[in-house]
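Chemist: Quick one, what's the 3D model for this:
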Amino acid sequence: MQSQDVAQRHAAASAGAPHPAVDVEQAEAALVEHYPRLVRLAYLVLPPGLARGRRVLTAHSLVQRALPRGRKQVPVVPAQSDGRQTDPGYSLVRLEVVRTALEADRPLRLTAWPRRAQLPPLLPQVWGLRLFPRSGGADELALDQRLAGLSGPARAAYALRGLEQLPDGDVRGLLRAAGVEHPEGALAEANGVPAEYPLLDSPEFDPCSLQARPTDLVRRRRHTRAALAAAAALAVCGALVALPGGGWGADGAAAPVYAQNPAAQAALDPAQLTKIPATAWKTAARTDFSVWPARGTLTGDTALLRRALAVWARPGGTVRVSATPGTQTGGPAGPPQLLYAGVVDSARVAIFYDGLRVVRYAEPKDGTQGAALDFARADGATGVEASALVLGRSDGNVRYLTAPWVTGAAERDLTKPETGALDLGLTGGVTGPLASPAVQQGSCTSWNVLQLTDAQGVHLATDLGELVPARLTAGRPGETGEASGAALRDWAPFACSLAAERSAGVRSVNAWAFAEQELPDAGGTGSWVCTRAETWQGDGTVSLAQFRTPGSRYGAVAAKGADVTACGPRDPHVLAGVLWKSGDGRWYLLAAGSRDTASIRATGGVSASAQGQTLVTAAKQGAQAQLTGTLEDGREISGLR
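Modeler: Okay, here's the model as predicted:
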C-alpha cells in the first residue's frame, strides 16, 4: 500500500502540481548542510572498479559540481521525518549526485564524447598522498564485495534504501528522474544483497574520514629528476637551434627506435637469451629462479620471443601493463633468462627473469590485439618463495609453473582443514587449473590455495592477483614454520581475511595463534590470531589481530596496524582488544597479549587491569578503551593500531 500511495503521489505531482523552483543559493545551503551524506551516497554509487583513492576524489568532485547554473524545477519528493526530503534544494542536489555517479559507471565509447563524470576529476586534487577511507570489519568487507557485484542502478537503489531510507516507490521515481530506463530491474537486483543498511554508516564507506599514505616515493623522485633533465635538455636544444648554421638536424641526438648499441641489441635478440639446462638445479649452490630451466613448447619460437622482448622494452599504447607495488617497469638491461614459452589456455605466454624481476608476456593465440605485460619483484626469492609462478588465469581458474625441484602440486581449501588436498598433476612443471581466490566475487565461502611438495616437505602458497604467489606460514614471528598439519586449524577461520591483501605486492603471510581466552558467562574459549602480510618492497606491511568465538566459522578483525613492527620478526609481541556481547546480553571488554605479557591495563572509556596475558571486564556497548601491556622484561607495549 505504501508503494502504491507513493506512486499515486508521484503521478499526481507530474500530472498537475507545479514543481518547486530552486535557485543556486538554496541548493548551495542544502549541499553544505548535508555534504558528508551526499559524498557517502556518491561513493556508494560510483563503480567499484575505480581505485579507492580516485573513487574518493570523484565522489567529492561530483557533489561539489551538483549545484544548478540557475533556477531549476525539481520533481516533487514525498516528505520524511528528518526534514531533508522537505527541502527541494536537497532533493535537487541529491538527484544530480545520483545522475552523475551513474554516468561515471557507463563505458567510454568512441562514437560519443565522454561525459564529465566519466573522466578523472579536475578538482579536488591531492598531490603526493594516497587517500582512502578507514577499513571496517569483516562484515563491511563482505558488504563491499557484494555491492561490487551489482550494476550501477542497483547500487544506487541499495544506497537510497539504506542511506536515505526511501521506500521503493520513491527510489523508483528518483532513479527514473536520474535517467535509469528500468528502475524496477535495479530494485529487483538490489534485493539480492542482504539489507545490512546500518553498515552503510561505517567508516568503510565514509569518504570524508580518510587515511593518508604517501605515493611511490622512489618513482616520484625519479620522475622529478627526469623532468629536470628534460627541461635542461630542452634549453640546450633551443640554444643550439638558435646558433648560426641551423644547429642539429630534425631528429637531433635521438637514437633510432631500437638503440644501435651492443647491450640494447643483445637484450632484444632471442638468440642471446639465457637458457638453463634441465638438470643444472641439481648441482647448483642455491635454489632460486636463476636455476630454473627453460620450459614450454615454444622455447624455439624466435618470432614470439622477439615480440615479447620488444614489447618489454617499448610497450605500445594497446598493451595492458601491470606491476606489483615497488616494481620497476623498464626494459631489460641485458639478455634475460627464459623461464617458459608456450601455449596456456587461449594465449601464447613467455616468462623471463632478469635477476630482480619476473616478467610475463601474453598475447591471444588467435592473433587478435590485446597483449599483456606483467611485472613482479623477485629479488631475494629463494627456496619456497621461488617454487611457483602464475602462468595464466582463465574462467576463474589459475595455472602455475612450478620449480624443477617440486614433485607434487595439489589444491586445498584453507577454510576446511579437515578435508584432503586434490591432486592437480604436473605436466612439464605446469599444474592443472585450480579455482583462484584472487578473482572470486561475493561472500567468501572457501579459499583455495596451492599445496607444493618437495624434498623439504609440504608448503602452501596463495594467489593474490600477482605473478608470484604469496607464501603462507604459521607460528610465532621469528620461529615460523609451514602452514601445514596442525597449523591449518590456525589458518582456517581467518583465511578469508587474505582478500584484503590482493594486488598489494605481498610476499608472505603468517598466522600466529598468540592467545586463548576464557569468556565470561560460560561463553567457552575464544582464540586470538595475528596475521601479518610482508611485502616485496619492505613497507606496506599489514598486521591484523583477529578474534574468534567458540562455534563461529570465521574470525573477526579486532585491530589493524599498517607499517608497524608489532606481530613481526622485529617485534614478536602483540596486544589487542574487542567488545564482546555474551549470550546473556551483557557487554565485556576482552583483551589479550602474546605469551610474555605480564599485565594488561585499560584506560579511557573502560578502566581495568589484570595480571597475565588476558583481561576481561564489564563494559558498555560502544565503549572505547586504550590498552597498554607490560612485558615480562618490563617493556610497555600499546594496543595494535
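Chemist: Show me the shaky parts of the stretch 1-150 of the chain.
Modeler: 1-20, 70-86, 108-114, 116-118, 122-123, 125, 127-128, 132 (pLDDT under 70).
Chemist: in it, which spans are strands?
Modeler: Counting by DSSP state E, counting those that start in this stretch, the stretch 1-150 of the chain has strands at residues 21-22, 72-73, 129-133.
Chemist: And for residue 228, the neighbour number?
Modeler: 10 (other Cβ atoms under 10 Å). C-beta: built from backbone N, CA, C; applies to glycine.
Chemist: Please tell me how far it sits from residue 234.
Modeler: Plainly put, residue 228 is 11 Å away from residue 234 if you go by Cβ to Cβ, to the nearest Å.
Chemist: Then residue 434?
Modeler: Counting by Cβ to Cβ - residue 434 and residue 234 are separated by 53 Å.
Chemist: Next: residue 322.
Modeler: From residue 322 to residue 234 the distance is 32 Å (Cβ to Cβ).
Chemist: what sits against residue 340?
Modeler: 294-296, 299, 349-351, 389, 391, 401 (Cβ atoms under 8 Å, 6 or more residues apart in numbering).
Chemist: of all the residues you listed, which two lie farthest apart?
Modeler: 299 and 389 (15.6 Å; Cβ to Cβ).
Chemist: quick one, longest strand in the chain?
Modeler: strand 506-519 (DSSP state E).
Chemist: tell me what it is packed against?
Modeler: strand 470-474, helix 487-491, strand 524-535, strand 587-593, strand 614-618 (3 or more Cβ pairs under 8 Å, 6 or more residues apart in numbering; DSSP states H and E).
Chemist: May I see these organised as TSV, with distance to residue 407 and mean pLDDT added?
Modeler: Below are those laid out as TSV (distance: least, Cβ to Cβ, whole Å; pLDDT from 0 to 100):
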stretch	distance to residue 407	mean pLDDT
strand 470-474	18	96
helix 487-491	21	90
strand 524-535	27	95
strand 587-593	40	97
strand 614-618	44	97
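Chemist: I'd like the ones you listed as JSON lines, with distance to residue 317 and mean neighbour count appended.
Modeler: Formatted as JSON lines, the helices and strands packed on strand 506-519 follow (distance: least, Cβ to Cβ, whole Å; neighbours: other Cβ atoms under 10 Å):
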{"stretch": "strand 470-474", "distance to residue 317": "32", "mean neighbour count": "25"}
{"stretch": "helix 487-491", "distance to residue 317": "43", "mean neighbour count": "20"}
{"stretch": "strand 524-535", "distance to residue 317": "30", "mean neighbour count": "22"}
{"stretch": "strand 587-593", "distance to residue 317": "54", "mean neighbour count": "23"}
{"stretch": "strand 614-618", "distance to residue 317": "58", "mean neighbour count": "18"}
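Chemist: closest to residue 202 out of the ones you listed?
Modeler: strand 587-593 (18.9 Å).
Chemist: Tell me the first helix or strand C-terminal of the closest one.
Modeler: strand 597-604 (DSSP states H and E).
Chemist: where's that next one relative to the chain centroid, distance-wise?
Modeler: Relative to the mean C-alpha coordinate of its chain, strand 597-604 is positioned 34 Å out (Cα atoms, centre = their mean, to the nearest Å).
Chemist: which other residues reach it?
Modeler: By Cβ under 8 Å, 6+ apart, strand 597-604 touches 573, 575, 577, 589, 591-593, 608-615, 617, 624-632, 637.
Chemist: Restrict those to the buried ones and give me that as a ChimeraX selection.
Modeler: To isolate the buried ones among those in ChimeraX, judged by 16 or more other Cβ atoms under 10 Å, type:
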select :573,575,577,589,591,592,593,608,613,614,615,617,625,627,628,629,630,631,637
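Chemist: Identify the residues contacting the residue nearest to residue 292 when sequence neighbours are not counted.
Modeler: Of all residues not flanking residue 292 in the chain, residue 339 sits nearest, at 5.2 Å (Cβ to Cβ, 6 or more residues apart in numbering). Shown in contact with residue 339 (Cβ under 8 Å, 6+ apart): 289, 292, 294-295, 351-353, 358, 389, 401.
Chemist: Put the alpha carbons of the strand or helix carrying residue 557 into CSV.
Modeler: Residue 557 is located in strand 556-562, with elements delineated by DSSP H and E. Output in CSV follows, covering the C-alpha atoms of strand 556-562 (Å, rounded to 0.1, in the frame of the first residue of the first chain):
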residue,chain,number,x,y,z
ALA,A,556,36.6,-11.0,13.0
VAL,A,557,39.2,-8.3,12.8
ALA,A,558,39.7,-6.7,16.2
ALA,A,559,42.6,-4.4,15.4
LYS,A,560,44.7,-3.4,12.4
GLY,A,561,48.2,-1.9,12.1
ALA,A,562,49.9,-0.8,8.9
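Chemist: neighbouring contacts of the helix or strand just after that strand?
Modeler: Helices and strands here follow DSSP H and E; after strand 556-562, the next one along the chain is strand 575-581. Residues outside strand 575-581 that contact it (Cβ under 8 Å, 6+ apart): 519, 523, 526, 528, 530, 545, 547, 549, 556, 558-559, 566, 587-594, 597, 600, 602, 615, 619, 621-623, 625, 627-629, 637-640.
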